[in-house]
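>>> Return a 3D structure for these sequence lines:
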Amino acid sequence: MLKPIWRTTSLSMHTNFRIVKSNVLSVFLYGSECWKTTATIERKLEVFQNKCLRRIMKVFWPNMITNMELRERAGANSIAETIALRRWRWLGHVCRMPPDSLPRVALRWTPQGKRNRGRPKETWRRTVERELKNRGLTLQTAPATAADRPKWRSLAVASSTRRRRED
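Got it, this is the predicted structure:
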């Protein structure tokens, strides 16, 4: 349904990028801070973003450019980076809540019983624990770090720049 908007010549490319960022991605990523992220989910999200950017920039089959170059030209972050940043901000918010608040209790809660056989399922909590471990933190030390907002933000920014260099 967005094809007519991307194809119109009355809107500049910059305006189309702003439409994508403000309308499309905000709706597309609604609640993404609570998603578990697997490689399959991230790949599907990246495909959607790249498809939108290629249509806006009119980059079609004979004109081959890499996805990273496409994002650089558009001035867009990768979807995985955006989701990780949103998750990090939400985690900081939850860690700063009082210890008896429901989201903070849910963060520490472990259900009783045993899981089924097989490979462990990817969960939001495991995703967060992996990201915390990459930053040298644990779920127990995160609330003390989150209380210092500038330090928490700097960890988020450092992580996103590190991820860009790895791509």
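
>>> for the protein, what spans make up the helices?
3-7, 13-19, 25-28, 39-57, 67-74, 79-95, 102-108, 124-134, 142-147, 149-166 (DSSP state H).

>>> what's in contact with the third one?
Going back to what we said before, that points to helix 25-28. With C-beta atoms under 8 Å, 6 or more residues apart in numbering as the test, helix 25-28 has contacts from 45, 48-49, 82. C-betas here are computed from N, CA, C, even on glycine.

>>> in that helix, what's buried?
Leu25 (16 or more other C-beta atoms under 10 Å).

>>> re earlier: between the helices of the chain, which one is nearest to Lys114?
Distance to Lys114, taken as C-beta to C-beta, is lowest for helix 124-134 among the helices of the chain, at 16.5 Å.

>>> got the angle for that closest one vs helix 79-95?
Helix 124-134 runs at 90 degrees relative to helix 79-95, counting by axes from the mean of the first three to the mean of the last three C-alpha atoms, to 10 degrees.

>>> And the pLDDT at the residue lying closest to Leu155 once chain neighbours are set aside?
Leaving aside its sequence neighbours, Leu155 sits nearest to Arg135 (C-beta to C-beta, 6 or more residues apart in numbering; 5.2 Å). Arg135 is assigned a pLDDT of 87 by the prediction.

>>> Next one: Arg135 from Arg54, what distance?
Arg135 sits 33 Å away from Arg54, going by C-beta to C-beta, to the nearest Å.

>>> Which of those two has more residues huddled nearby?
Higher neighbour count among Arg135 and Arg54: Arg54, with 18 against 15, using other C-beta atoms under 10 Å.

>>> This completes my enquiry, with thanks.
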